[in-house]
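In: based on what follows, work out the 3D shape:
(one chain, ligands or ions: 1)
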Amino acid sequence: MGRLAVLISGRGSNLQALIDAIDAGKLDAEIVLVISDRAGALGLSRAQKAGIPAQVLLWEGEERRTQYFERMTELLQKAQVDLVILAGFMRLLSANLVRAFPQGIINIHPSLLPAFPGLRSQRQALEYGVKVAGCTVHFVDEGLDSGPIIVQKAVPVYDGDTEEILSERILVKEHEALPEAISLVLSKQWQIRGRRVICEY
Ligand code: GAR
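Out: Next up, the predicted model:
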């Protein structure tokens, strides 16, 4: 059984999808720690309700970035996690933290990467005019939304879509993609070829 830490910044619906997948026996894992960089994050109460230890690690500004991620690395190492999941965690990790967990950090992003990295990807997709959008679960490397791709799921974009409507359609797929990707990674039956994670079963 894999030991997961989940990092959040807000609503925590992806965290909830993981809690539900574990409860339903679809994901053989245990969430041993939730860390939020915001005090009021809704995801914190989801963790609390599920009996998962949750901690707020308040962001103290760019000038304390190094110390912030050193502290986070300590917490994650102390919790002896197998995988760190960025589930709506809206900060770029330090290179040292990424190096401390080689192929041990995964992120969910609301676009079909490499299209539309960064913030408000659904809006970027609408503004560009694409007809297919989606989500990507990928390993985290030292870049922005740039590591090897584990799972992607696509959704159509309709003419009348707003950012909210498209985000909601993508979110449904995110909630399927994240547990699926974690199961694959925990199975250890994969390898990285180029920028792809290849499933070996
Ligand atoms: C999700 O749409 C996730 O893909 C996105 O934030 C949302 C968090 O929702 N993440 C990013 O944009 C990261 N670059 P949630 O808090 O309900 O899981």
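
In: how about the residues of this structure near the ligand?
Out: Counting by Cβ under 6 Å from any ligand atom, the chain comes close to the ligand at 8, 10-14, 43, 87-88, 90, 108-110, 171, 174. Backbone N, C-alpha and C define where each C-beta goes, glycine included.

In: which one of those has the most neighbours?
Out: Using other Cβ atoms under 10 Å as the neighbour criterion, Ile8 leads the residues of the chain next to the ligand with 27 neighbours.

In: what pLDDT does the residue lying closest to that residue once chain neighbours are set aside get?
Out: Nearest non-adjacent residue to Ile8, counting by Cβ to Cβ, 6 or more residues apart in numbering: Gly43, 4.0 Å away. Per-residue pLDDT puts Gly43 at 98.

In: kindly state the pLDDT recorded for the closest residue to the ligand within the chain?
Out: Of all residues in the chain, the one sitting closest to the ligand is Gly88 (2.6 Å; Cβ to the nearest ligand atom). pLDDT, Gly88: 98.

In: that one should be in a strand, yeah?
Out: No - counting by DSSP: H, G, I helix; E, B strand; the rest coil, Gly88 falls outside a strand, being coil.

In: next, give phi and psi for it.
Out: As for Gly88, its main-chain torsions (degrees, to the nearest 10) stand at phi 80, psi 30.

In: identify the residues contacting it.
Out: 8-15, 43, 108 (Cβ atoms under 8 Å, 6 or more residues apart in numbering).

In: ok, now Pro179?
Out: For Pro179, the contact set (Cβ under 8 Å, 6+ apart) comprises 17-18, 21, 26-27.

In: and the contacts of stretch 117-132?
Out: If you take Cβ under 8 Å, 6+ apart as the criterion, stretch 117-132 is touched by 90, 109-112, 115-116, 133, 144-146, 154-157, 161-163, 166-167, 170.

In: and those residues, which of them are buried?
Out: Buried subset of the contacts of stretch 117-132 (neighbour count, 16 or more other Cβ atoms under 10 Å): 109-112, 116, 133, 145-146, 155, 157, 161, 166-167, 170.

In: narrow these to those in helices?
Out: If you go by DSSP state H, the buried ones among the contacts of stretch 117-132 have 166-167, 170 in helices.

In: strands of this protein, start to end?
Out: Secondary structure of the chain by DSSP state E: the strands cover 2-8, 29-36, 54-56, 83-86, 105-109, 132-139, 149-156, 190-193, 196-199.

In: quick one: closest of these to Tyr68.
Out: Nearest to Tyr68, of all the strands of the chain, is strand 29-36, at 10.9 Å by Cβ to Cβ.

In: who does Val84 bridge with?
Out: Beta bridges link Val84 to Ala5, Ile105 when assigned by DSSP bridges.

In: before we move on, the earlier item: among the residues of the chain next to the ligand, which one lies nearest to Tyr201?
Out: Nearest to Tyr201 out of those is Ile108 (Cβ to Cβ; 22.3 Å).

In: check contacts around the closest residue to Asn107 other than its chain neighbours.
Out: Nearest residue to Asn107 in three dimensions, chain neighbours excluded: Leu86, at 4.1 Å (Cβ to Cβ, 6+ apart). By Cβ under 8 Å, 6+ apart, the contact set of Leu86 is 7, 93, 105-108, 140.
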